[in-house]
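Colleague: Only the shape, not the letters, is given here:
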């Protein structure tokens with residue numbers, strides 16, 4: 001029931017904010033995909049204990065630069081990989097991720113940097 005409310009695009013943002021504390025990670029993941037979810041909720045969920053929730057936030061199209069900045073230092077490399085692949089990630093973060101110790105995160109940030117350079121031409 002909670003999961004369907006979280007996914008419902010008619011759910012008010014205040015309700016989604018309260019539901020961001022739901023113990024069911026599936027509910028929290030549905031909230032991330034809802035267009036009514038405020039960026040402040042994404043910021044809150046960016047520190048979620050569940051890796052899948054954090055990854056989903058990092059891939060969310062609504063993820064702001066501030067959310068991506070925070071997530072670029074996440075303990076798990078999958079989250080940092082999602083940040084490197086996100087279209088809203090600023091070049092300064094991509095440059096930082098190019099020095100990442102995990103090779104696949106480093107590679108993704110290099111690819112993103114090269115795409116950004118291609119678009120500027």
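Modeller: Thanks, I have it. The structure displayed is predicted, hence computed values, not measured ones. Residues are numbered from 1 along each chain as shown.
Colleague: in the chain, which spans are helices?
Modeller: 2-7, 13-19, 25-33, 39-45, 51-59, 65-71, 77-85, 91-97, 103-120 (DSSP state H).
Colleague: Show me what the third one packs onto, helices and strands only.
Modeller: The criterion is 3 or more CB pairs under 8 Å, 6 or more residues apart in numbering; DSSP states H and E, and the helices and strands that helix 25-33 contacts are helix 2-7, helix 13-19, helix 39-45, helix 51-59. For glycine as for every other residue, the C-beta is placed from the backbone atoms N, C-alpha and C.
Colleague: run the last query once more with 6 Å
Modeller: Counting contacts by 3 or more CB pairs under 6 Å, 6 or more residues apart in numbering; DSSP states H and E, helix 25-33 is packed against helix 2-7, helix 51-59.
Colleague: could you dump those helices to CSV with mean neighbour count, mean pLDDT and distance to residue 89?
Modeller: Listed next are those as CSV, based on neighbours: other CB atoms under 10 Å; pLDDT from 0 to 100; distance: least, CB to CB, whole Å:
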stretch, mean neighbour count, mean pLDDT, distance to residue 89
helix 2-7, 16, 71, 26
helix 51-59, 21, 97, 9
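Colleague: Same list, those, but as CSV with distance to residue 78 please.
Modeller: Below are the helices and strands packed on helix 25-33 laid out as CSV (distance: least, CB to CB, whole Å):
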stretch, distance to residue 78
helix 2-7, 23
helix 51-59, 6
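Colleague: Identify whichever of the ones you listed lies nearest to residue 96.
Modeller: Minimum separation from residue 96 across the helices and strands packed on helix 25-33 (CB to CB) falls at helix 51-59, 14.9 Å.
Colleague: Tally up the residues packed near residue 25, please.
Modeller: 15 (other CB atoms under 10 Å).
Colleague: Oh, that last question was meant for residue 43, not what I typed.
Modeller: Using other CB under 10 Å: residue 43 sits among 16 other residues.
Colleague: For the nearest residue to it once chain neighbours are set aside, give its distance to residue 57.
Modeller: Sequence neighbours aside, residue 67 is the residue nearest to residue 43 in space, at 5.4 Å (criterion: CB to CB, 6 or more residues apart in numbering). Residue 67 sits 7 Å away from residue 57, taking CB to CB, to the nearest Å as the criterion.
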